[in-house]
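Q: Sharing a model prediction with you, sequence too.
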Amino acid sequence: MTPSEPRPAGGIPRGLARTGPVLFSYGFRPFFLGGGIWAVMAMALWVAFLSGFGTPGGAYGALPWHMHEMLFGFGSAVLSGFLMTAVPNWTGRMPLSGPPLLALAGLWLAGRVAFTWPVMGLWPGVVLEALFLPVMAVVFLTEIVAGRKWRDLKVVGAVAVLAAANLGFHAAVLWQGDPRLAARLAVAAYIVLILIIGGRITPSFTRNWLNRQGKTPLPVPFGRYDAVTVGVSAGVLALWVLWPESRVTGVGALLAGGMNLVRLARWRGWQTWAEPLVLALHGGYLMLCLGFLAVGLGLSEAGALHVFAVGAIGGEMLAVMTRATRGHTGRALAASGLTVLSYLALVAAALLRPAAEIGAYGPLVAASGAAWMLAFGLFLWEHAPWLLTKRRDLRGG
């Protein structure tokens, strides 16, 4: 639900399934758990390959498999978990749960297994993997149309772009092409979602926290400047997807980076230093700004892509996963020491990976991978038990 829209009378029921495993009672549960596990496992398989052990993806190739699974494996799970929790709030409709949710989570998992270990053959694994995002786009489209929330169709559009990018990525690899354009398109789709959704929830959560603390001034509400910034940023991302090394793209990226830094400053995130659960959302958006600046300053294509992918996308996803898991399982909205450590590990991963493009590639990639695994391993250590158990009633302790 966007900050400007009222909550439907009576609130939104938190899941439909009253029997069966708690894991399938609400969309964030299986997809945050699966996304967290896959974030660790997929990175471990990649680091092992770099060390001479195994070849994930088989004939697909370990490098394109790694690129794919970070963007379309891990990323699609977390995005689906978030949207399956947010869309019911936007539309006022009951969320999917029980057997339908089990089927969707099973489809995602089957894609990971069949694609990573293609014992059935490469093509069956690719086809099975490619089904998930189109199915999710249809699910979200159905819910948003039924709820008549036309303004939220742009979210469906972004998921559809991700599905198209996934197909393009597979086509490029299978026909010996270059999948980097499809990878940039996927990154751009995620960044647009952060610009839109992150640009709503970050100032909203910040305002709520500052209000509780009695602090002022508050974040500037969404206005014309935000709309222009999102429009300019989306245009620059389109240039980056098509012509990543163009001078026009570079100049536009510097402009977009500067405009987003101003937008971020208007949300007054530094006032939330005492609550990392809120501050982390600002940190992820800061990495988005740095991603634009990295493109504008001529950092290598791989370096700039990883600033976006690890710092902005990974950072925002970890921030949302920790906050949403706490809120929807009845835990206090306050970061623990483990949560703070996971945020710091993610920041380290985001800084180390682009640095590897400058020098000491092998050691820095390994260090970045280790930091990434630590970040999501800590998330699982703390939050997995909550995802697997019933919501706690705070009123009852």
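A: Now that the structure is in, tell me what you want to look at.

Q: Break this protein into its domains for me.
A: Segmentation of the chain into domains, based on automatic domain parsing, reads 21-178, 187-384.

Q: Indicate which one of the ones you listed is closest to residue 391.
A: domain 187-384 (4.6 Å; C-beta to C-beta). Yep, even glycine has a C-beta here, placed from its N, CA and C like the rest.

Q: Give me the distance between the two termini of that closest one.
A: The stretch domain 187-384 measures 27 Å between its terminal residues, going by C-alpha to C-alpha, to the nearest Å.

Q: Then stretch 20-36?
A: For stretch 20-36, the first-to-last residue distance is 22 Å (C-alpha to C-alpha).

Q: go on, stretch 190-203?
A: First residue to last in stretch 190-203 (C-alpha to C-alpha) measures 19 Å.

Q: what residue ranges in the stretch 51-200 of the chain score low on pLDDT?
A: Nowhere does the stretch 51-200 of the chain drop to pLDDT under 70.

Q: quick one, strands of it?
A: With DSSP state E, counting those that start in this stretch applied, the stretch 51-200 of the chain shows no strands anywhere along its length.

Q: For residue 326, which three-state class applies?
A: Following DSSP: H, G, I helix; E, B strand; the rest coil, the label given to residue 326 is helix.

Q: For it, list the residues it contacts.
A: 277, 332-334, 383, 386 (C-beta atoms under 8 Å, 6 or more residues apart in numbering).

Q: hang on, the earlier thing: possible to save the domains of the chain as CSV with distance to residue 390?
A: As requested, the domains of the chain are exported to CSV (distance: least, C-beta to C-beta, whole Å):
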stretch, distance to residue 390
domain 21-178, 5
domain 187-384, 8
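
Q: follow-up on the earlier one: which among the contacts of residue 326 count as buried?
A: With burial judged by 16 or more other C-beta atoms under 10 Å, the buried subset of the contacts of residue 326 is 277, 383, 386.

Q: Out of these, which is nearest to residue 44?
A: After measuring those against residue 44 - C-beta to C-beta - the closest member comes out as residue 383, at 19.1 Å.

Q: The nearest residue to residue 218 once chain neighbours are set aside in helix, strand or coil?
A: Excluding its sequence neighbours, the residue lying closest to residue 218 (C-beta to C-beta, 6 or more residues apart in numbering) is residue 207, at 5.0 Å. Secondary structure of residue 207, reduced to three states by three-state DSSP: helix.

Q: so how far is residue 150 from residue 207?
A: Relative to residue 150, residue 207 is positioned 26 Å away (C-beta to C-beta, to the nearest Å).

Q: Specify which residue of the two has the higher count of neighbours.
A: When residue 207 and residue 150 are compared for neighbours, residue 207 comes out ahead with 17 against 9, by other C-beta atoms under 10 Å.

Q: so the more buried one makes contact with residue 220?
A: No: using C-beta atoms under 8 Å, residue 207 is not in contact with residue 220, being 9.8 Å away.

Q: count of residues packed around residue 331?
A: Per other C-beta under 10 Å, the neighbour tally for residue 331 reads 17.

Q: cool, residue 328 as well?
A: 19.

Q: Next, the contact list for it, please.
A: Contact criterion C-beta under 8 Å, 6+ apart gives 14, 26, 28, 85, 391 as the residues in contact with residue 328.

Q: re the thing from before, please flag which of the buried ones among the contacts of residue 326 sit within helices.
A: Mapping these onto helices (DSSP state H) picks out 277, 383, 386.

Q: Among the buried ones among the contacts of residue 326, which one lies nearest to residue 325?
A: Using C-beta to C-beta, residue 383 is the member of the buried ones among the contacts of residue 326 that sits closest to residue 325, with 4.7 Å.

Q: Skipping its backbone neighbours, what lies nearest that closest one in space?
A: Distances taken as C-beta to C-beta, 6+ apart put residue 325 closest to residue 383, at 4.7 Å, once the chain neighbours are dropped.

Q: Would you list the phi and psi of the closest residue in space to residue 327 that isn't next to it in sequence?
A: In this structure, residue 327 finds its nearest non-sequential neighbour in residue 333, 5.9 Å apart by C-beta to C-beta, 6+ apart. When quoted as degrees, to the nearest 10, the phi and psi of residue 333 stand at phi -80, psi 70.

Q: ok, residue 333 - contacts?
A: With contact taken as C-beta under 8 Å, 6+ apart, residue 333 is in contact with 277, 323, 326-327.

Q: Tell me which stretches of the stretch 201-350 of the chain form helices.
A: Along the stretch 201-350 of the chain, the stretches classed as helices by DSSP state H, counting those that start in this stretch are 224-242, 247-265, 276-296, 301-306, 315-328, 337-355.
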